[in-house]
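Enquirer: with the sequence up front, the predicted model follows.
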Amino acid sequence: MKSPVVSHLKRLEAESIHIMREVAAEFANPVMLYSIGKDSSVMLHLAMKAFYPAKPPFPLLHVDTTWKFREMIQFRDETAKRLGLKLLVHINEDGIARGINPFDSGSALHTQVMKTESLKQALDKYGFDAAFGGARRDEEKSRAKERIFSFRTATHAWDPKNQRPELWRVYNTRINKGESIRVFPLSNWTELDIWQYILAEKIPIVPLYFAKRRPVVERDGTLVMRDDERMKLLPGERLEDRLVRFRTLGCYPLTGAIESDADTLEGIVTEMFTARTSERQGRLIDSDEKSSMEKKKKEGYF
Amino acid sequence: MARAEQRTETSGLTAFLAAQEKKSLLRFLTCGSVDDGKSTLIGRLLYDSKLLFEDHLSALEKDSRKFGTTGDDIDFALLVDGLEAEREQGITIDVAYRFFATEKRKFIVADTPGHEQYTRNMATGASNSDLAVILVDARKGVLTQTRRHAYIASLLGIRHVVLAVNKIDLVGYSQETFDAIVQDFASFSQRLGFSSVEPIPISARFGDNVIAASERTSWYKGPSLLGYLETVDVDTDLVGKPFRFPVQWVNRPNLDFRGFSGTVAGGRITKGGAIAVAKSGRKSAVKRIVTMDGDLEEAVAGMAVTLVLSDEVDISRGDILTAPEDRPDVSEQFAAHLLWMAEDELLPGRQYLMKLGTATVPVQITALKHKIDVNSLDQHAAKTLHLNEVGYANFATSHPIAFDAYHDNRDTGGFILIDRFTNTTVGAGMIDFSLRRATNVHWQALDVGKQSRAGQKGQRPVVLWFTGLSGSGKSTVANLVERALFAEGRHTYLLDGDNVRHGLNRDLGFTDVDRVENIRRVGEAAKLFVDAGLIVLVSFISPFRSERRMARELMGEGEFIEVYVDTPLEVCMERDPKGLYRKAKSGEIKNFTGIDSPYEPPELAELRIDTTTAQPTDLAAQIVRHLRDKGYIG
Ligand SMILES: Nc1nc2c(ncn2[C@@H]2O[C@H](COP(=O)(O)OP(=O)(O)O)[C@@H](O)[C@H]2O)c(=O)[nH]1
């Protein structure tokens, strides 16, 4: 008897569901880090599937830097409400008090304080022992080696030399007090898989992914959308309405838009398989330095 | 090839998606010795299947000039090397996963290292792969590591191998050299039981026979590497095997629904189909196969579903639902191959944890039969295993588990070993067969066992583990419970700080290490009393979840009841029966739980009692009632 061909996407879906159920069964206090982007949307959809008809037995956590696109925040709140899930939002108040922001503090410090530190604060505050993240191995070279269950010390540090071998579908979930595991159920998905799945499953995503005329400024060769008054124009800069969309979403001042007329999912997927630049290029934080992601990870960034 | 430019010309999205749906997935791993050209090869596959984006390419060109080993040419290896430290050393030291696709298939490549000491990573990559590409440097031929890698691939159940004879350009595209290497490999590998070995002469650097046939090896008539990978049939026919469904999670959103979630590990199940619970032998039928996309008529190997049964059967995580007529072995003893993956050597006789599918049980290696010389496949006597060594051993688990031979099913026959104290994964095991009682008995085969001792006393032995803050009322309630049990003729023993700290644990203080050791000893002592058939009451603050979990795991199933004496800190501080909180607050005592050392409340305690709303005697009665309800006492 020959096995029926199970499509690639169905295999990926089953693998992710399996991973999520392992976490729900073996950890006392898991959480899903929800960053509102397309990968989070897929991850959340898979969680709904994994525990159906029950709700996912963990809350969502959004680490809000206060610089996310307004449409993201709106989408976040609507999504949690629509699915009936508990949403925790954490803001690093200390960073706010210190006046950290992406313009004056620089992207590196802003990310460090408002994202990395903030995430650690939130994990400590609630005592989560496992946190789902939507990272994929195909995103970036150092991620290719990331485990699905990635062990973090009590100080949230990631040590590339001290990760556990992962065989079969058997994950070692044992940790001591204070230690935690980051779990990446989308590890084996590629960007194209994500889009195809969103299309096939009709998963709602933030409208910013679709092309629309938006007010943008060209800064250091990147198109930045001016989402609110906090962004001051520099001498010589001009705000123009251009037909753009976003391939990844983050803090608006740090996220580059691309010129595109893809205003449907079909359009996006078509654009994807003719794409010539990888998605991370739109993220300004990565372009500083080749191995910067490596450093951030050791410090506890996702 | 699936070049981007051509893809745009295909007839639009619908056709593209339809093609995607039909695409199958091949997971393979590459292995070889350092510098055999793995990274170059993978880089070229990614490059030639044009899954590189422009920014990756420009980074690659920049890096080639800076770190490259190929002069002015593009160094494909730089595409796939990752961690900073490795880049500087120019070696790959871990498993990295790469993704690419052609029009026929999607591929996930496990890129595994050539370094001898990193065999464990190769085993990791192999455990999820269907095929191995073993690289050999044409100038060097089959090396020790080549043999090791071929052996590990076969040990991990890989049935299909490509022998990629690389750097064929450096031996003048010589057929003789190629044939000699193929010969050499065959004489070794025929004992490894591969179902296919496909030798291909390639040059990763210049592309010969990687994507397309090369004119420079006109004597070679076989497929190119990619051509082969796109078409090779590695179907292991998991669907044709007996039904296996390791239960991951019990889905109980409300009283009306009780489902068992998991991934089908073998075979198929249809709605209405009969199942048996492997361990208990209880039978039932599948009433519904539930998914969020609607109920299914059938689920096959690889699918993640939720099963609802037609009867109320006692099933929990770790159980395997199986075909009633073709069940896995159920035993507490088996023989298995073991690959040791830790720096610390194996300690036979020490208790490890074994995770097999969704079940975790304590296990001991009762006899290390031999270790295997991976170069000659010879067997040698051994007392222990070191990192990257492979042995064959008998194992005994603390209670029976269900399993298949690894050869029959990777999911129900492959397990990891976990060190109980460091929590690291120390070994990977592949079960060979079950050891029946007659062949081996390893636990002290005493004539009088736990059952008979307990039976004589007319009770089921159990540990009542009282945890809570100092002053919460643990000892008061535990004492009352013991008195009540004693009064009705039960056999009990109470372990608390007083009778343990002053004797058995006199040498221990309050450092973290000592706290863990303290609980370990209390746990072991409780276990012996349980073995003696007693109802054991343990009254310790035991503030850490991990310690309590450790104690819980020492006992058999149903032999541990965690009683959370949930008295708020303020109340305890107010009671302060021994004046300890006062001292702690003034700094006289350090590391005092609740003051400057945390208390982690239990999440899954079987019983929670509240001493602020009920009298201790009522609470004790409540616990005795629980013991009666659960059948510990008649
Ligand atoms: N001439 C030649 N050189 C090769 C070939 N494949 C790899 N190399 C070179 O061999 C060296 C080691 O290759 P690399 O891919 O880093 O090996 P790895 O350690 O197995 O990943 C590099 O300098 C490559 O350019 C080949 O087919 N022909």
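Expert: Perfect, thanks for sending it. The model shown is predicted, which means the values in this text are computed figures rather than measured ones. Numbering: from 1, shown residues only, chains lettered A, B, ... in the order given.
Enquirer: what's the neighbour count on residue 97?
Expert: Unless you meant another one, I'm taking chain A. 8 (other CB atoms under 10 Å in any protein chain shown). Using the backbone N, CA and C atoms, a C-beta is placed for each residue, glycine as well.
Enquirer: right idea, wrong chain: chain B
Expert: B:Tyr97 - counted by other CB under 10 Å - has 21 other residues nearby.
Enquirer: need the longest helix for chain B.
Expert: Secondary structure assigned by DSSP state H gives helix B:512-531 as the longest helix of chain B.
Enquirer: for the closest residue to B:Asp36 other than its chain neighbours, helix, strand, or coil?
Expert: Setting aside the residues directly before and after it, B:Asp36 is nearest to B:Leu135 in space (CB to CB, 6 or more residues apart in numbering or on different chains), at 4.2 Å. Secondary structure, DSSP: H, G, I helix; E, B strand; the rest coil: B:Leu135 is strand.
Enquirer: and what of B:Asp293?
Expert: Going by three-state DSSP: B:Asp293 is coil.
Enquirer: pull out the buried positions in the longest helix of chain B.
Expert: B:515-520, B:522-523, B:525-527, B:529-531 (16 or more other CB atoms under 10 Å in any protein chain shown).
Enquirer: wait, A:Gly250 sits on A:Lys68?
Expert: Yes: look at A:Gly250 against A:Lys68 with CB atoms under 8 Å: they come within range, at 7.4 Å.
Enquirer: higher neighbour count, the two?
Expert: Taking neighbours as other CB under 10 Å, A:Gly250 and A:Lys68 compare with A:Gly250 leading, 25 against 22.
Enquirer: quick one: the more buried one and B:Thr511, what's the gap?
Expert: From A:Gly250 over to B:Thr511 the distance is 44 Å, taken as CB to CB, to the nearest Å.
Enquirer: again with A:Glu266
Expert: 63 Å.
Enquirer: check A:Arg164 too.
Expert: From A:Arg164 to B:Thr511 the distance is 26 Å (CB to CB).
Enquirer: quick one, which of those two is more surrounded?
Expert: Ranked by neighbour count (other CB under 10 Å), A:Arg164 and B:Thr511 place A:Arg164 first, with 22 against 10.
Enquirer: in contact with the nearest residue to the more buried one once chain neighbours are set aside, which residues?
Expert: Nearest residue to A:Arg164, sequence neighbours excluded (CB to CB, 6+ apart): B:Thr425, at 4.5 Å. With contacts defined as CB atoms under 8 Å, 6 or more residues apart in numbering or on different chains, B:Thr425 is in contact with A:Arg164, A:Pro165, A:Leu167, A:Asn172, B:Met341, B:Ala342, B:Ile416, B:Leu417, B:Ile418.
Enquirer: ok, now which ones touch the second one?
Expert: When you say that, I think you mean A:Pro165. By CB under 8 Å, 6+ apart, the neighbours of A:Pro165 are B:Arg120, B:Asn121, B:Ala123, B:Thr124, B:Met341, B:Ile416, B:Thr425, B:Ala428.
Enquirer: in the host helix or strand of B:Gln456, what's buried?
Expert: Element membership of B:Gln456 [criterion: DSSP states H and E] is helix B:450-457. Buried residues in helix B:450-457, counting neighbours by 16+ other CB under 10 Å, are found at B:Lys450, B:Arg453, B:Ala454, B:Lys457.
Enquirer: same check, this time on stretch A:260-273
Expert: For stretch A:260-273, by 16+ other CB under 10 Å, it's A:Ser260, A:Ala262, A:Leu265, A:Gly267, A:Ile268, A:Val269, A:Thr270, A:Glu271, A:Met272, A:Phe273.
Enquirer: can you check stretch B:177-195 too?
Expert: B:Thr177, B:Phe178, B:Ile181, B:Val182, B:Asp184, B:Phe185, B:Phe188, B:Ser189, B:Leu192, B:Phe194.
Enquirer: stretch A:90-99 now?
Expert: Here stretch A:90-99 shows A:His90, A:Ile91, A:Asn92, A:Gly95 as buried, counting by 16+ other CB under 10 Å.
Enquirer: redo the residues you listed as CSV? Include pLDDT, distance to B:Pro602 and secondary structure.
Expert: Shown next, in CSV, are those (pLDDT from 0 to 100; distance: CB to CB, whole Å; DSSP: H, G, I helix; E, B strand; the rest coil):
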residue, pLDDT, distance to B:Pro602, secondary structure
A:His90, 95, 26, strand
A:Ile91, 95, 31, coil
A:Asn92, 93, 31, coil
A:Gly95, 92, 35, helix
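Enquirer: mean confidence for stretch B:375-391?
Expert: Mean per-residue pLDDT for stretch B:375-391: 88.
Enquirer: for the stretch 201-302 of chain A, what spans make up the helices?
Expert: Under the criterion DSSP state H, counting those that start in this stretch, the stretch 201-302 of chain A carries helices at the ranges A:265-272, A:292-299.
Enquirer: which elements pack onto the first one?
Expert: Packed against helix A:265-272, as judged by 3 or more CB pairs under 8 Å, 6 or more residues apart in numbering or on different chains; DSSP states H and E, are the following elements: helix A:191-201, helix B:12-22.
Enquirer: go through those helices and find the least confident stretch.
Expert: helix B:12-22 (a mean of 65).
Enquirer: off-centre distance for the next helix or strand after that helix?
Expert: Reading on from helix B:12-22 to the C-terminus, the next helix or strand found by DSSP H and E is strand B:24-31. The chain centroid and the centroid of strand B:24-31 are separated by 21 Å, computed with CA atoms, centre = their mean, to the nearest Å.
Enquirer: fine, thanks again, bye for now.
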